[in-house]
Each structure stands twice: as structure tokens, then as C-alpha cells.
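Enquirer: Below are the sequence and a predicted model; questions follow.
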Amino acid sequence: MDKKKIVVVGGGAAGFFCAIQIAELHPDWEISIFEKTNKLLSKVRVSGGGRCNVTHACPDVEVLLKKYPRGTRFLKKAFYQFATKNTIEWFAKNGVELHTEKDGRMFPTTNSSDTIIDCFLRKVHQYKINVLTQHEVVEVINNAATLSNANSAKQHSFTLQLLGRAPMQADAICLATGGMLKSDRLKWLTNFGHSIVDPVPSLFTFNTVDKKITTLMGVAIEKASIQWRGNKIIETGPLLITHWGISGPAAIKLSAWCAREMSETNYEGVIIINWTPNFNESTLKMEWINLRMDFGKREMGSKNPFDLPQRLWHFLLQEAGVALNTKWADLKSANQHLLIQLLTRYTLAIKGKTTFKEEFVTCGGVDLKDIDAQTMESKLVPGLHFAGEMMDVDGITGGFNFQHAWTSGWIAAQHIGQMA
């Protein structure tokens with residue numbers, strides 16, 4: 001097998017993982033990573049508050065697939081080749097042990113993203129992979145398509161035009177450029193016939209119109225449900241009240257499911273929060289009979305039967321017009337009705353979003369219809385592959401987007417590695 005020149009475009013998670021996998025198959029090949037900025041693995045560094053949420057403890061592929069708002073059918077073919085179990089094994093083999101937190105997120109036992117970065121840099125050094133920063137690809141020419149000999153089209157050959165640098169040659173390319181908020185960034189790709197699904201942000205928090213709730217800034221609710229009015233999706237989990245609105249894992253997950261819908265309304269709409277997700281309005285009405293009997297002589301301000309943060313409980317009582325010293329037995333029916341509504345269907349008008357750098361993900365990207373899920377190769381341009389977030393695949397928060405990066409990078413590498 002001839003020595004090949006392989007270029008991976010993008011110095012992020014998917015790009016590094018793909019390059020390393022190719023090198024493991026062919027240590028003698030000339031493999032290069034092109035990164036247009038001077039920063040490598042930037043999202044790996046900041047993910048999970050600097051701890052790097054490597055993946056999610058989800059060994060069942062069918063369960064794993066349900067964590068991706070877009071790309072499920074495509075991912076099904078991919079995850080049966082390489083998924084969570086394989087990720088854990090690869091990192092363990094390369095000296096990185098992972099631990100699982102109670103919500104299923106997996107981090108290095110060091111709780112430092114430097115552990116992951118050091119692992120990748122060590123592998124890059126081991127295999128002598130060229131890591132070239134400030135190498136921005138502005139054009140890719142498919143040389144095979146221009147050759148007159150029909151048989152030669154089977155041999156992949158590309159010329160990469162670089163901003164302010166001499167052109168470089170490659171036998172195969174993997175594009176792993178990350179999120180694509182500027183859909184015109186890879187114009188040459190559309191010249192090849194690839195379509196770009198209009199990219200919009202995913203994984204963000206909600207800015208509230210009414211700022212009363214933000215007086216509770218810093219209050220964390222361990223378990224609540226949140227829904228975007230008009231959408232059936234309900235996410236349950238921790239919520240956080242911030243100085244701009246509503247954040248926390250449940251809110252960020254909801255934003256993934258409703259990313260395109262919210263973009264179409266310019267991030268204006270209504271969220272509905274159930275602070276007591278074990279109840280709905282009708283079941284809480286039934287339970288209220290027992291609460292009045294059990295706590296009849298207690299003051300409502302001092303007896304909170306829902307394990308809510310005290311500041312939130314007092315806020316909801318005040319919103320329902322209930323004085324904190326009101327006895328449970330003395331609660332008027334009108335106030336009771338309003339309080340139950342506030343507990344189970346608290347509505348907040350939303351206008352705008354706030355995106356955390358460490359959570360930033362794009363909904364949209366290269367259309368999956370022209371990518372082979374078994375190989376990550378372009379169906380239109382043989383030898384051109386894709387990995388990571390630049391494809392129209394995205395997951396909710398919790399390590400799922402990194403898992404897609406590892407999976408797609410690994411699959412692309414296996415196919416590139418089979419080049420004759």
C-alpha cells in the first residue's frame with residue numbers, strides 16, 4: 001500500500017480523533033491537521049466547565065439515539081460501529097480513565113480537560129502528525145474529476161488552496177470544521193453539489209421579558225419540567241434562575257429540541273415550567289386535600305412540602321397573593337387555585353437567548369442525504385469525508401455531541417485507512 005497524504009481540516013475534537021485513528025492504522029502515512037486559528041481543541045478545553053464531558057454513560061444505542069434532535073436515522077448506522085462503550089475503551093487504552101456522575105455525564109477522573117488534550121497531543125507526537133495552525137482552507141479542487149482518463153477517477157487527488165500560503169496536495173480529506181453559523185464559509189463545498197441546511201444556534205438559555213423572576217438569581221431547582229408553548233417536548237431536570245432568565249440542564253436540553261422553531265420566532269415565545277414535576281394541575285389538586293389535612297395549623301411560609309428552595313417557595317406564595325403567615329387550613333380557594341397553577345404551569349414570556357461558549361452547538365450544517373453514514377464519505381466526491389458538528393447532526397447537552405465527534409471521526413478514519 002502506497003504512502004498516502006491525508007489532510008484533516010479542523011483542529012477540534014473530531015479532527016484530532018480522526019487524524020489519530022488514521023495514524024493508528026497507518027503510522028507511515030503523512031497526516032496533517034489544518035486549523036485556521038491559532039487555537040487547538042478549544043471546545044474540549046472549556047467543555048463541562050473545564051472538565052471535558054467526554055461522553056454519556058449510555059451503552060444502549062437505541063436509548064442513545066433519542067438524545068439527538070437531528071440526525072437520528074443517520075446516527076443509527078454510525079453508532080452500531082462505534083459508540084459509548086468503544087469511546088470508554090479507547091480512552092482507557094490510552095491512559096485516560098473516565099468516571100460517571102449521577103446524571104450520566106462522563107468526565108476524566110482528573111476532572112480536567114487538560115487530561116484529554118494531553119492525551120491527544122501525546123498521540124499526535126507519537127505518530128508525527130503535522131498540526132498546522134493558521135492554515136485556512138479557502139478552496140478545494142478535486143483533481144480526479146478533471147482528469148480525462150476515466151479509470152484515474154478512482155484515485156483520489158485534491159489540491160487545497162490556503163489563505164496566504166502555497167497550495168497543498170492530499171489523497172483524501174476529512175472535513176471537521178465544527179459548527180457552521182456562517183453557511184457561506186465553505187462555498188467550494190456547495191460547488192461540489194453539497195447542500196447546507198441553514199445553521200442556527202442550539203444549546204442556549206432563555207432571556208425573560210418579566211424580570212421579577214430574576215430577583216431569584218442564583219436559585220437552583222434540583223428537578224423541574226420545562227416546555228416551549230406550542231411544542232410537545234418536555235424536558236425534566238435541574239433548572240437555574242439567572243440574572244437574565246432561565247438556565248440549567250433542562251432548559252439547555254429543551255433549546256436543542258426547539259432550536260429551529262425558536263429561531264423562526266426570533267427567540268420570542270413562552271416557556272411553561274412545572275416546579276413540581278411529580279404532579280400536574282389535576283393531580284396536585286387531589287394531593288392538596290392531604291396537604292391541608294397534614295399541615296392545617298402550620299404557616300405556609302414555613303412549611304414547604306415540595307422541597308423547593310425557600311426563596312422560590314416564598315416568591316410563588318407572594319405571586320398567588322398568599323401571606324407567608326397564612327395557615328394551610330385558612331388558604332382561600334381562589335388563592336389555592338392560583339398557587340397550584342403557578343406550581344405546575346408557571347408561564348414566562350421569553351425574548352432572546354444567551355449562549356454559553358462551552359455549550360455552543362450548531363443546529364444545521366452539511367445535509368446528511370449526501371453523506372454515507374457507513375463511511376462518512378461524500379456520495380458526491382469520493383475521498384472527501386466529514387466528521388463532527390459540521391454535519392446536520394446535534395445532540396442535547398451531556399456529552400452527546402462529543403460522542404458524535406468520536407464516532408464520526410473514527411468511522412471516517414476507518415474508511416480512509418482502506419485506501420489502496
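Expert: All right, it came through fine.
Enquirer: could I have stretch 302-319 exported to PDB, CA atoms only?
Expert: In PDB, the C-alpha atoms belonging to stretch 302-319 read as follows (Å, rounded to 0.1, in the frame of the first residue of the first chain):
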ATOM      1  CA  SER A 302     -42.500  27.900  57.000                       C
ATOM      2  CA  LYS A 303     -43.900  24.600  55.600                       C
ATOM      3  CA  ASN A 304     -42.800  23.800  52.000                       C
ATOM      4  CA  PRO A 305     -43.900  20.300  51.200                       C
ATOM      5  CA  PHE A 306     -42.300  20.300  47.700                       C
ATOM      6  CA  ASP A 307     -38.600  20.500  48.600                       C
ATOM      7  CA  LEU A 308     -38.400  23.800  46.600                       C
ATOM      8  CA  PRO A 309     -35.800  26.300  47.500                       C
ATOM      9  CA  GLN A 310     -37.300  28.600  50.200                       C
ATOM     10  CA  ARG A 311     -36.800  31.700  48.100                       C
ATOM     11  CA  LEU A 312     -38.700  30.200  45.200                       C
ATOM     12  CA  TRP A 313     -41.500  28.900  47.500                       C
ATOM     13  CA  HIS A 314     -41.900  32.400  49.100                       C
ATOM     14  CA  PHE A 315     -41.900  34.000  45.700                       C
ATOM     15  CA  LEU A 316     -44.700  31.700  44.400                       C
ATOM     16  CA  LEU A 317     -46.800  32.300  47.500                       C
ATOM     17  CA  GLN A 318     -46.500  36.000  47.000                       C
ATOM     18  CA  GLU A 319     -47.400  35.700  43.300                       C
END
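Enquirer: Same question for that stretch: list its buried residues.
Expert: Buried residues in stretch 302-319, counted by 16 or more other CB atoms under 10 Å: Asn304, Pro305, Leu308, Pro309, Leu312, Trp313, His314, Phe315, Leu316, Leu317. Bear in mind the C-beta positions are built from the backbone N, C-alpha and C, glycine included.
Enquirer: which two in the residues you listed are spaced the farthest apart?
Expert: Farthest apart among the buried residues of stretch 302-319 by CB to CB are Pro305 and Phe315. That separation is 16.2 Å.
Enquirer: In contact with His156: list those residues for me.
Expert: Ala144, Asp171, Ala172, Pro382, Gly383, Met419 (CB atoms under 8 Å, 6 or more residues apart in numbering).
Enquirer: got the phi/psi numbers for the residue nearest to Ile129 when sequence neighbours are not counted?
Expert: Spatial nearest neighbour of Ile129, excluding adjacent residues (CB to CB, 6 or more residues apart in numbering): Ile31 at 4.8 Å. Per-residue torsions, Ile31: phi -120, psi 130 (degrees, to the nearest 10).
Enquirer: tell me the contacts of Ile31?
Expert: Residues in contact with Ile31 (CB under 8 Å, 6+ apart) are Ile6, Val7, Val8, Ala19, Ile22, Ala23, Tyr127, Ile129, Asn130.
Enquirer: which ones among these are found in strands?
Expert: Residues of the contacts of Ile31 located in strands (DSSP state E): Ile6, Val7, Val8, Asn130.
Enquirer: Can you name every helix or strand that the longest helix seen in the chain contacts?
Expert: Using DSSP state H, we find that the single longest helix of the chain is helix 400-416. Other helices and strands packing on helix 400-416, by 3 or more CB pairs under 8 Å, 6 or more residues apart in numbering; DSSP states H and E, are helix 13-25, strand 55-56, helix 72-79, helix 84-93, strand 172-175, strand 384-386.
Enquirer: closest to Phe206 out of those?
Expert: strand 55-56 (23.5 Å).
Enquirer: If you average the pLDDT over the closest one, what comes out?
Expert: In this model, strand 55-56 has a mean pLDDT of 98.
Enquirer: pLDDT on whichever helix or strand comes after it, on average?
Expert: Scanning forward in sequence from strand 55-56 by DSSP states H and E, the next helix or strand is helix 61-65. With pLDDT averaged residue by residue, helix 61-65 scores 97.
Enquirer: what residues does helix 61-65 touch?
Expert: For helix 61-65, contacts defined as CB under 8 Å, 6+ apart pick out His56, Cys58, Thr72, Leu75, Lys76, Phe79, Tyr80, Ala83, Thr84, Phe400, Gln403.
Enquirer: So the first one sits against Glu101, correct?
Expert: Yep, that's His56 we're talking about. No: using CB atoms under 8 Å, His56 makes no contact with Glu101, being 10.0 Å away.
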